[in-house]
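S.K.: Below is the sequence, then the predicted model.
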Amino acid sequence: MQTVALIDYGSGNLRSAEKALREAARRHGIDADIVVTADPGIVAAADRVVLPGVGAFASCRAGLDASGVYDAMNEAVHAKGAPFLGICVGHQLLATEGLEFGVTPGLDWIGGQVKKIEPCDPTLTIPHMGWNAIAFARDHALFKGVESGAHMYYANSFALAPTDPADVLATTDHGGPFTAAVAKGNVAGVQFHPEKSQAAGLALLANFLEWRP
């Protein structure tokens, strides 16, 4: 059985993410132990790592640093090659830096900045909340069985702008396109909440549990 470390650093939608991962595994017959943890030993030994995140970039980065799991997460993902999925701010933390409330260093696993969404249509509000269609930039195993145009659930004011367009998997549009998903090697992130995105979100989580980068 594979172990999936769902990192608890005080900034995530943990219970919903845990429930969705378990349901995705059940529906697709995947043998996975979903462990909500801040234990560096468990994280370092995990077969897969999921980093959720809700709130501001700077506070989430501070929470991750304070949790003591960063080194273990880095060991699992970069030394061992464990597949990694960042969700919402967990996805944004992959960037080089975030520009919310000043400049805050990110993990720099995906080069780029996290910038405020600025719709060209003044009638569109920020935060960007609710359902929105996804458009694929390229094929990827994470989106197997998910149709381009499928609706995912978003709750964000900022978005990751990767330096390398090749890192972008998908975009969505809110008065202009912004990044909805990224991937580079065994590292991936999604701006939307798959745990709140019904069948399409569960399909993505199941794909992650079977992903062999």
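M.R.: Noted; the coordinates are in hand.
S.K.: Give the pairing partners of the lengthiest strand in the chain; include direction for each.
M.R.: Ranked by residue count under DSSP state E, the longest strand found in the chain is strand 177-184. Strand 177-184 sits in its sheet next to strand 168-173 (antiparallel), strand 187-190 (antiparallel), going by DSSP bridges.
S.K.: averaged over its residues, what pLDDT does the first one have?
M.R.: Meaning strand 168-173. Averaging pLDDT along strand 168-173 yields 96.
S.K.: where does residue 203 land in three-state SS?
M.R.: Secondary structure assignment for residue 203 (DSSP: H, G, I helix; E, B strand; the rest coil): helix.
S.K.: Touching the helix or strand of the chain with the lowest mean pLDDT from outside, list them.
M.R.: Taking mean pLDDT, DSSP states H and E as the measure, the helix or strand of the chain with the lowest value is helix 57-67, at a mean of 88. Outside helix 57-67, the residues within contact range by C-beta atoms under 8 Å, 6 or more residues apart in numbering are 7-11, 38, 51, 53-54, 70, 89-90, 92-93, 98, 100-102, 104-106, 114, 158. Quick note: C-beta positions are derived from backbone N, CA and C, even for glycine.
S.K.: now stretch 170-183
M.R.: Contacts of stretch 170-183 with the rest of the structure, by C-beta under 8 Å, 6+ apart, involve 91, 94, 110, 117-121, 124, 128, 132-137, 140, 142-143, 152, 154, 159-162, 167-169, 188-192.
S.K.: How are the helices of this protein distributed by residue range?
M.R.: Taking DSSP state H as the criterion, the chain carries its helices at 14-27, 40-45, 57-67, 70-74, 89-92, 198-210.
S.K.: Same list, these, but as CSV with mean neighbour count please.
M.R.: Below are the helices of the chain laid out as CSV (neighbours: other C-beta atoms under 10 Å):
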stretch, mean neighbour count
helix 14-27, 18
helix 40-45, 18
helix 57-67, 18
helix 70-74, 18
helix 89-92, 28
helix 198-210, 21
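S.K.: end to end, how far does stretch 114-131 reach?
M.R.: Distance across stretch 114-131, first residue to last, is 21 Å (C-alpha to C-alpha, to the nearest Å).
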